[in-house]
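Q: next come a sequence and a model predicted from it.
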Amino acid sequence: MDARLETFDTKMQKSLNNLEEEYSAIRAGRANPHVLDKLKVDYYGTPTPIQSVANVNVPEPRMIQIQPWEASMVKEIEKAIMTSDLGINPTNDGKVIRLVFPELTEERRKELAKDIKKKGENAKVAIRNIRRDANDSFKKLAKEDVSEDEIKELEDQAQKMTDKYISLIEKAVEVKTKEILTV
């Protein structure tokens with residue numbers, strides 16, 4: 001791959017990775033420990049991921065169990081979950097926190113499917129913006145004695161790259177939507 005294209009390819013890959021990360025946090029009525037990835041707890045004054053202060057496991061398909069290494073962290077972890085947008089109330093027995101995921105209603109599934117589509121559209125816009133930036137940078141090459149044919153070839157390659165990432169995004173949207181809508 002042309003070095004002038006690599007930076008744009010890297011940016012497009014980051015956009016795709018970001019979308020997949022956002023999708024991993026969307027729950028499908030099954031317990032997925034990744035829903036906790038963005039949550040931070042106050043660990044001696046430092047915002048710390050829950051996975052760094054506790055054991056997180058999935059003993060049942062719709063339950064996440066969080067076992068802090070220090071008993072004092074139970075309240076902190078509970079507080080982080082309550083103030084998050086997870087929409088789940090944690091229960092604890094003093095040592096272990098349990099998150100029970102309710103079955104998703106049909107209405108909630110449709111809402112999530114819309115959200116998935118919207119996130120996919122945003123990712124496509126990001127990809128197209130990167131293509132635009134790439135094409136702008138190629139046009140500037142004309143001032144540096146780069147032939148029009150070479151610039152045209154770079155633009156064609158940028159378009160092919162864009163098409164590849166757009167189709168990967170569409171596939172990701174389709175897979176996640178199917179997962180959410182499957183009861």
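A: Good, I have the coordinates. Numbers count the residues shown, from 1 in each chain.
Q: what residue ranges in the chain score low on pLDDT?
A: Low-confidence regions of the chain, defined by pLDDT under 70, span residues 1, 27-29, 183.
Q: tell me who's in contact with the residue of the chain most remote from its centre.
A: Each residue of the chain has a distance to the centre, and by C-alpha atoms, centre = their mean the biggest one is for Asp145: 41.4 Å. With contacts defined as C-beta atoms under 8 Å, 6 or more residues apart in numbering, Asp145 has no neighbours. Yep, even glycine has a C-beta here, placed from its N, CA and C like the rest.
Q: do a quick rundown of the helices in the chain.
A: 3-24, 73-83, 106-140, 148-181 (DSSP state H).
Q: need those helices in a markdown table with mean neighbour count and distance to Val56, can you?
A: Written out in a markdown table, the entries for the helices of the chain read as follows (neighbours: other C-beta atoms under 10 Å; distance: least, C-beta to C-beta, whole Å):
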| stretch | mean neighbour count | distance to Val56 |
| --- | --- | --- |
| helix 3-24 | 16 | 14 |
| helix 73-83 | 17 | 10 |
| helix 106-140 | 16 | 22 |
| helix 148-181 | 16 | 21 |
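Q: in a markdown table: those, plus distance to Lys38.
A: Supplementary listing: these in a markdown table, determined by distance: least, C-beta to C-beta, whole Å:
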| stretch | distance to Lys38 |
| --- | --- |
| helix 3-24 | 9 |
| helix 73-83 | 10 |
| helix 106-140 | 14 |
| helix 148-181 | 17 |
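Q: who does Ile97 form a beta bridge with?
A: When bridges are taken as DSSP bridges, the partners of Ile97 come out as Ile66, Asn92.
Q: distance of it from Ile130?
A: Per C-beta to C-beta, to the nearest Å, Ile97 is found 41 Å from Ile130.
Q: same deal with Lys124?
A: Going from Lys124 to Ile130 by C-beta to C-beta gives 11 Å.
Q: what's the answer for Gly120, then?
A: As it turns out, when the distance is counted by C-beta to C-beta, Gly120 lies 16 Å from Ile130.
Q: ok, Glu179 next?
A: The separation that Glu179 has from Ile130, given C-beta to C-beta, amounts to 27 Å.
Q: cool, and Asp115?
A: Using C-beta to C-beta, one gets 23 Å for the distance from Asp115 to Ile130.
Q: repeat that for Ile151.
A: 17 Å.
Q: you'd agree Val35 is up against Leu86?
A: Yes - in this structure, Val35 is within contact of Leu86 by C-beta atoms under 8 Å, at 6.1 Å.
Q: ok, how many other residues are close to the closest residue to Asp115 other than its chain neighbours?
A: Closest residue in space to Asp115, ignoring its immediate chain neighbours: Ile26 at 7.2 Å, by C-beta to C-beta, 6 or more residues apart in numbering. By the criterion of other C-beta atoms under 10 Å, Ile26 has 17 neighbours.
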